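[1] predicted structure and sequence below. I'll ask about it afterward.
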Amino acid sequence: MVNESSGDKVLHLHLISDASGETVLGVARVCLLQFAGLKTVEHLSPLVRNKGDVEKVLSRLRRYPGICMFTLVNAEIRDVLEKGCRGLNIPCVPVLDPILGTIASYMDMPMNGRPGRHHGMNSEYFERIDAMHFVMSHDDGQSMDNLAEADVIVLGVSRTSKTPTCIYLANRGIKAANVPIVPGCPLPDQLFKVRGPLIVGLTKDPRLLAQIRRNRLRLLGQDVETDYTEIDVVDDEVAFARKLCSRHAWPILDVTRRSIEETAAAIIRMLAERRDSTL
């Protein structure tokens, strides 16, 4: 807990996970309900899976001292984080260890290293509902007039998981809009005027993308032999989308081997890093 320039006491809470961060975030927020009026700044670091990721976390801890809470499975990565926190004299809390250790000891069973999920009903619920409404009304390029209200705008060609990614983000209280990239069709002017939202492009391996499109058309009972599924056309679409994002310096995420949760976690990390750079 530190004193900010305003004189108010603010707790910088660093939440570290090797997955999406949903568990450690839920536990932290439920605990914070017991401290009415406490001002907090959450620094969520999902997908921490190597020493380089831990070094980024430690760098943030040096800049914003507070409390570190984590759910990490890999013993080596945990050790690096804990040693780093000790060196900075920062409390480092493995939030699930007491529960998992007690169960393992009582039942005389080894832990499998797969932390569960925690869903708490609190004041964040209504923020998630608002975010969900926003996502549904801004799906596939709809309602561009208030695009600036988004926290993040997701771009991508057809079937790159834009909608499910935005829905997952909404479940975390993040307002997300998605805009399709269609070669030959100009993007909405509003996209180039907004300054607040983070804009992220999603891409996928063209061959896999073509197969996904074929499967989609087959389920709909439609002809699968179209330009929509032609590998050369799909390859051109993906290349066009990449060039577009590069031209505007929009970050690109390859979602070929990512789950929806991992894609969303990567976007959440970008949002956190962007926010930290402005503090």
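    Nice, I can see it.

[2] distance of residue 179 from residue 173?
    21 Å (CB to CB, to the nearest Å). Bear in mind the C-beta positions are built from the backbone N, C-alpha and C, glycine included.

[3] show me which of those two is the more surrounded one.
    residue 179 (23 against 16; other CB atoms under 10 Å).

[4] what kind of secondary structure is that one in?
    strand (DSSP: H, G, I helix; E, B strand; the rest coil).

[5] can you give me the strands in this protein?
    Using DSSP state E, the strands assigned to the chain run over residues 2-3, 9-17, 39-45, 67-71, 92-94, 152-156, 176-180, 198-203, 252-254.

[6] what's the closest of these to residue 246?
    strand 252-254 (7.4 Å; CB to CB).

[7] ok, now how distant is residue 80 from residue 262?
    Applying CB to CB to residue 80 and residue 262 gives a distance of 22 Å.

[8] can you check residue 15 too?
    Distance from residue 15 to residue 262, by CB to CB: 17 Å.

[9] follow-up on the earlier one: export the strands of the chain as CSV, with columns for mean pLDDT.
    Output for these, formatted as CSV (pLDDT from 0 to 100):
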stretch, mean pLDDT
strand 2-3, 47
strand 9-17, 92
strand 39-45, 93
strand 67-71, 94
strand 92-94, 93
strand 152-156, 98
strand 176-180, 96
strand 198-203, 98
strand 252-254, 97
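
[10] got the domain ranges for this structure?
    For the chain, the structural domains run 2-107, 124-278, going by automatic domain parsing.

[11] which of those comes out lowest on mean pLDDT?
    Per-stretch mean pLDDT for the domains of the chain is lowest at domain 2-107 (a mean of 87).
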